[in-house]
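this is the structure alone, sequence omitted:
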């Protein structure tokens with residue numbers, strides 16, 4: 001295990017809080033082996049997360065959201081090449097050190113996946129799932145009682161019945177709650193939630209989001225929420241990072257980014273969002289398609305789809321800090337735009 005204490009913690013690029021980040025990643029890059037060589041999936045991502053903060057990561061499919069978070073938890077396959085600096089609670093973890101991440105997962109870091117069934121063994125009851133996880137993390141005390149408490153914390157009302165049930169006997173919302181209870185069994189400080197509400201109806205979705213907010217307030221849990229739904233991000237997140245073609249193109253407080261986007265890609269995502277406040281015909285999609293990994297155009301990756309692209313966009317823009325809380329990867333953005 002490679003854990004090196006590092007007191008020189010970098011401040012979050014888009015956050016003015018003086019609290020030391022619980023998670024701090026700099027220059028995170030991920031490449032995979034392809035037919036013609038190394039294919040970059042994530043390119044130079046910087047992320048920081050304060051204790052008790054909820055960060056949303058949004059972007060189209062293939063933008064690098066899930067790969068970024070899997071790299072932060074050491075969940076990528078051995079074929080992936082991960083580079084960059086990762087600090088977890090002030091301790092440096094080598095990006096490719098599987099043993100170090102294995103020692104952190106469950107107790108410090110945890111993850112809930114988009115499909116809750118992927119985290120559940122169809123041959124095991126919920127009770128057995130929870131007891132196995134609690135023993136693995138060496139949680140002291142009455143494990144039977146703790147298993148029931150975890151389900152209660154996850155919003156389960158019929159605890160005794162759910163404990164005896166198998167995954168196929170549960171609804172999608174119940175499975176998601178069980179998956180959340182499993183993710184919280186090791187009492188982690190950071191939870192990565194990858195599209196946790198995608199398959200749920202709006203009522204259950206709201207309950208899961210309320211639960212994450214409650215856990216943040218009561219237990220100080222930090223959350224990274226991956227989502228396509230800007231409404232979900234607006235409801236629960238403190239900050240948002242917008243990803244495109246493996247890079248962060250805009251980041252800042254969620255209320256400011258969604259009200260006054262500085263990058264044209266962010267503005268395009270907002271324009272394409274359905275709304276009851278405007279006629280059906282007013283939804284405008286972003287033209288073209290996001291480039292696949294390994295085929296990102298030179299210069300600004302979004303330029304081929306941007307109606308305001310200029311000659312200067314042929315030069316790749318840097319992620320520029322325009323204020324203590326806002327940063328964007330666009331040549332045309334100015335500090336007074338927000």
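Structure's in. What do you need? No experiment lies behind these values; they were computed from the predicted model shown.

which other helices and strands contact the helix ranked longest in the chain?
Assignment by DSSP state H gives helix 202-219 as the longest helix of the chain. The contact analysis (3 or more CB pairs under 8 Å, 6 or more residues apart in numbering; DSSP states H and E) places helix 202-219 against strand 54-58, helix 172-184, strand 190-194, strand 222-227, helix 230-236. Every C-beta, even on glycine, is put in place using the N, C-alpha and C of the backbone.

turn these into a markdown table, columns for mean pLDDT.
Below are those laid out as a markdown table (pLDDT from 0 to 100):
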| stretch | mean pLDDT |
| --- | --- |
| strand 54-58 | 97 |
| helix 172-184 | 89 |
| strand 190-194 | 93 |
| strand 222-227 | 94 |
| helix 230-236 | 90 |
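
which among the ones you listed is found nearest to residue 329?
When these are compared by CB to CB, strand 54-58 sits nearest residue 329, at 14.6 Å.

now the helix or strand immediately after the closest one in the chain, how far from the centre of its chain.
Counting by DSSP states H and E, the element after strand 54-58 in chain order, helix or strand, is helix 65-72. Distance of helix 65-72 from its chain centroid, counting by CA atoms, centre = their mean, to the nearest Å, is 7 Å.

relative to strand 222-227, how tilted is helix 65-72?
Angle, helix 65-72 to strand 222-227, by axes from the mean of the first three to the mean of the last three CA atoms, to 10 degrees: 150 degrees.

quick one: residues in contact with the helix or strand following helix 65-72.
Proceeding N to C from helix 65-72, the next assigned helix or strand is strand 81-88, under DSSP H and E. Applying CB atoms under 8 Å, 6 or more residues apart in numbering, the contact partners of strand 81-88 are 6, 9-10, 21-32, 38, 44-45, 71-72, 76, 92-96, 104, 108-109, 190.

and strand 81-88 with helix 65-72, angle?
70 degrees.

how about residue 130, secondary structure?
State at residue 130, reduced to three classes by DSSP: H, G, I helix; E, B strand; the rest coil: helix.

touching, it and residue 149? I think so.
No. Counting by CB atoms under 8 Å, residue 149 is not a contact partner of residue 130; they are 9.9 Å apart.

more crowded one of the two?
residue 130 (24 against 14; other CB atoms under 10 Å).

list the contacts of the more buried one.
Contacts for residue 130 were tallied using CB under 8 Å, 6+ apart; they are 146, 147, 150, 151, 163, 181, 182, 185.

quick check, nearest of these to residue 309?
For the contacts of residue 130, the nearest to residue 309 is residue 182 (45.9 Å; CB to CB).

about what we covered before: of the helices and strands packed on helix 202-219, which stretch is the most buried?
strand 54-58 (a mean of 26; mean count of other CB atoms under 10 Å).

against which helices or strands is it packed?
Packing contacts for strand 54-58, counted by 3+ CB pairs under 8 Å, 6+ apart, involve helix 65-72, helix 202-219, strand 222-227, helix 230-236, strand 239-244.

and residue 120, which of the ones you listed is closest to it?
Between the helices and strands packed on strand 54-58, helix 202-219 lies closest to residue 120; by CB to CB that is 16.2 Å.

poorly predicted segments of the chain, please.
1-19, 199, 276-282, 335-338 (pLDDT under 70).

quick one: residue 125 from residue 147, how far?
Residue 125 sits 11 Å away from residue 147, going by CB to CB, to the nearest Å.

which residues are in contact with each of those two?
Jointly contacting residue 125 and residue 147 under the rule CB under 8 Å, 6+ apart are residue 163.
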